[in-house]
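Participant: Just to be clear, the model below is a prediction. Sequence and coordinates:
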Amino acid sequence: MNLDDELVSQLDRWVGPRRRSAFIAETVRRALEDERRWDDIEATLGTVEDTGHDWDADAAGWVRAQRHGDLGRVG
């Protein structure tokens, strides 16, 4: 792998020359994980039917009902 000299200099200033490879490996690992997550998200787009929500008509009423349904919150 070849990196631009200025990029390597910036990297060395940021993490130090002894941590360069570890930093690059971790950065690539994170980028690949982000890409995998986006692939998962895009694969599920449109798979859940949009049927609305229980709270659409009266959000405040729905919240009150949820609170009263939770015995730990009734008081």
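Facilitator: Now that the structure is in, tell me what you want to look at. Keep in mind the model is a prediction, meaning the values are calculated, not measured. Residues are numbered from 1 along each chain as shown.

Participant: Quick one: the helices in the chain, in order.
Facilitator: Using DSSP state H, the helices of the chain run over residues 5-15, 20-44, 59-69.

Participant: who does the first one touch, helix- and strand-wise?
Facilitator: In this case it means helix 5-15. helix 20-44 (3 or more Cβ pairs under 8 Å, 6 or more residues apart in numbering; DSSP states H and E). Heads up, the C-betas are built off the backbone N, CA and C, glycines and all.

Participant: what's the average pLDDT for the helix it packs on?
Facilitator: Average pLDDT, helix 20-44: 96.

Participant: ditto for stretch 59-75
Facilitator: Rounded mean pLDDT across stretch 59-75 is 80.

Participant: Can you name the residues in contact with that stretch?
Facilitator: 54-55 (Cβ atoms under 8 Å, 6 or more residues apart in numbering).

Participant: From the chain's centre, how far out is it? Work that out for me.
Facilitator: Mean C-alpha position of stretch 59-75 versus that of the full chain (Cα atoms, centre = their mean, to the nearest Å) differs by 30 Å.

Participant: Dump that stretch to CSV, restricted to CA.
Facilitator: The C-alpha trace of stretch 59-75 is given here as CSV (Å, rounded to 0.1, in the frame of the first residue of the first chain):
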residue,chain,number,x,y,z
ALA,A,59,-50.1,11.4,20.8
ALA,A,60,-50.6,12.9,24.2
GLY,A,61,-53.5,10.5,24.9
TRP,A,62,-51.4,7.6,23.8
VAL,A,63,-48.5,8.7,26.2
ARG,A,64,-51.0,9.0,29.1
ALA,A,65,-52.4,5.5,28.4
GLN,A,66,-48.8,4.1,28.2
ARG,A,67,-48.0,5.7,31.6
HIS,A,68,-51.1,4.3,33.2
GLY,A,69,-50.4,0.9,31.8
ASP,A,70,-47.1,0.8,33.6
LEU,A,71,-47.7,0.1,37.3
GLY,A,72,-44.2,1.3,38.1
ARG,A,73,-45.1,4.8,36.8
VAL,A,74,-48.6,5.1,38.2
GLY,A,75,-48.7,7.4,41.2
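
Participant: Please render the helices of the chain as TSV that adds distance to residue 50 and mean neighbour count to the earlier fields.
Facilitator: Supplementary listing: the helices of the chain in TSV, determined by distance: least, Cβ to Cβ, whole Å; neighbours: other Cβ atoms under 10 Å:
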stretch	distance to residue 50	mean neighbour count
helix 5-15	45	12
helix 20-44	13	10
helix 59-69	17	11
